[in-house]
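> Model the structure of this input:
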Amino acid sequence: MHRVTLWIALAVSAEAKPPSTCGGTDDYAKALCAYQRRQFPEAELGFRSIVEKNEIDPQTIRAIYFLARTEMKRGRFDEAAPLFVRIYAMDPAFYASWNCDFLLGECRRAVGRD
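Predicted structure coming up:
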């Protein structure tokens, strides 16, 4: 009986709900949901479309951050690194609080430039 209960508990936990950020209808929410679901090509397109608008908006800097993280997830460290530098130029406080210095270092290490 104990094994059946354990099996049911495992089966129920395997049916994970979508991340709480999913369900939003704006471009950023859709891209973030794709990122969290590890649908990196879709996430990249969504974040890039926001970044390319180049609007002065808190959402833009977050889109740059997640675009950089998406590039890292896809193994594109050379593409991610300049995005972190761009974040620093836009908002040093965001750069520091979102740990971008560490991530930039990870990009540089990945391509042999530490």
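
> What does the spatially most central residue of the chain show for phi and psi?
Nearest residue to the geometric centre of the chain (Cα atoms, centre = their mean): F66, 3.6 Å. Dihedral angles of F66 (phi, psi; degrees, to the nearest 10) stand at phi -70, psi -30.

> thinking it is in contact with R48, fair?
No - using Cβ atoms under 8 Å as the test, F66 is too far from R48 to be in contact (10.3 Å). No exception for glycine: its C-beta is placed from N, CA and C like everyone else's.

> on that earlier part again, how about the contacts made by the residue nearest to the centre of the chain?
A31, L32, Y35, A43, F47 (Cβ atoms under 8 Å, 6 or more residues apart in numbering).

> repeat that with 6 Å
Counting by Cβ atoms under 6 Å, 6 or more residues apart in numbering, F66 touches Y35, F47.

> Tell me the confidence at it?
Predicted confidence (pLDDT) for F66: 98.

> and the gap between it and R76?
14 Å (Cβ to Cβ, to the nearest Å).

> repeat for L83
10 Å.

> sec struct for the nearest residue to Y88 once chain neighbours are set aside, please.
What sits nearest to Y88 in space, not counting adjacent residues and going by Cβ to Cβ, 6 or more residues apart in numbering, is Y95, at 4.3 Å. Look at Y95: counting by DSSP: H, G, I helix; E, B strand; the rest coil, its state is helix.

> now Y95: how far from G24?
From Y95 to G24 the distance is 25 Å (Cβ to Cβ).

> Who has more neighbours out of these two?
Higher neighbour count among Y95 and G24: Y95, with 21 against 13, using other Cβ atoms under 10 Å.

> Now stretch 39-58: buried residues?
F40, E42, A43, E44, L45, G46, F47, R48, I50, V51 (16 or more other Cβ atoms under 10 Å).

> just for this structure, where's the confidence low?
1-19 (pLDDT under 70).

> which stretches of it form helices?
2-14, 27-36, 40-53, 58-73, 77-90, 92-97, 100-110 (DSSP state H).

> I'd like those laid out as a markdown table, including distance to S20.
Listed next are these as a markdown table, based on distance: least, Cβ to Cβ, whole Å:
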| stretch | distance to S20 |
| --- | --- |
| helix 2-14 | 17 |
| helix 27-36 | 9 |
| helix 40-53 | 17 |
| helix 58-73 | 16 |
| helix 77-90 | 25 |
| helix 92-97 | 21 |
| helix 100-110 | 23 |
